[in-house]
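K.L.:
build me a model:
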Amino acid sequence: MSWSAKQYSMFEQQRTRPVRDLVAAIATQNVQSAIDLGCGPGNSTEVLAERFSDARITGLDSSEDMLADARQRLPDLTFELADIGDWNPAQTYDVILANASLQWVPDHAVLYPRLVKRLNPGGSLAVQTPDNLEEPAHRLAREIAANGPWADKIASVKHPDRHPAAYYFEWLKPHCADVDVWRTTYHHPLSGGHAAVVEWFKGSALRPYLQKLDQGEQAAFLDAYLNAIRQAYPALADGTVLLPFPRLFIVAVR
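P.N.:
The predicted structure follows:
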């Protein structure tokens, strides 16, 4: 199951709220160049361009489908197809933004300092990553993967490791003039109820499971997941589900 801009954008308003908070916290002045790593359909790049309207801004993503939407949304900006894990540009930047993308890349102890080295002096690395691997949505996916008839295919699926805030502070501090780390739990209102929760994660966290299953297995997995989600996330009286979603934020200044 490849990345789908249409699937991801179903909840664009909720997914964009954190990047607005992140970009607002960037203190770097006179920004001339900025890049959005893992730009997706361009919603985060648009926030970056609104904040730094005079800067030369580039978006980078590993999905052609995402980039097609980003180019349509922001035709005056440059978008490139590349993998963050292999990204090693010759130039440096005033701002490097990574909104809900670095959680898909391993070896953060190496990755984060490497990204800081691609900043100009005084430049900012601004990162937001979901901090929800122990939330019911992830825990239930692991349990269903391990206990269903598809266990031989997906029981071993594992998301790249994420770490406590203190780890990122320690990794970045030797390379930075300032490091600000904070954690926020958003309560995203999903008017589509429990089915909307499944659709939300189908476009992100469930992808590593679903891409290893055939069409019939995908449907059965999603049915089992929906039943489990109904128990884990009670709906409000009007059917809305408030989805608690912890996110870790970092703004590191070189």
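
K.L.:
which helix or strand contains Ala34?
P.N.:
Using DSSP states H and E, Ala34 maps to strand 33-37.

K.L.:
after that strand comes which helix or strand?
P.N.:
From strand 33-37, the next helix or strand downstream (DSSP H and E) is helix 43-51.

K.L.:
strands of the stretch 1-150 of the chain, start to end?
P.N.:
Counting by DSSP state E, counting those that start in this stretch, the stretch 1-150 of the chain has strands at residues 33-37, 56-61, 78-81, 93-99, 119-130.

K.L.:
quick one: the first one to strand 93-99, angle?
P.N.:
Here strand 33-37 points in a direction 20 degrees away from that of strand 93-99 (axes from the mean of the first three to the mean of the last three C-alpha atoms, to 10 degrees).

K.L.:
once you drop chain neighbours, what's closest to Leu248?
P.N.:
Nearest non-adjacent residue to Leu248, counting by C-beta to C-beta, 6 or more residues apart in numbering: Asp131, 4.3 Å away. Every residue, glycine included, has its C-beta placed from N, CA and C.

K.L.:
quick one: residues contacting that neighbour.
P.N.:
Going by C-beta atoms under 8 Å, 6 or more residues apart in numbering, Asp131 touches Arg162, Arg183, Pro246, Arg247, Leu248.

K.L.:
does the last one have beta-bridge partners, and which?
P.N.:
Under DSSP bridges, the beta-bridge partners of Leu248 are Thr129, Arg183.

K.L.:
that one touches Tyr167, doesn't it?
P.N.:
No: using C-beta atoms under 8 Å, Leu248 makes no contact with Tyr167, being 10.3 Å away.
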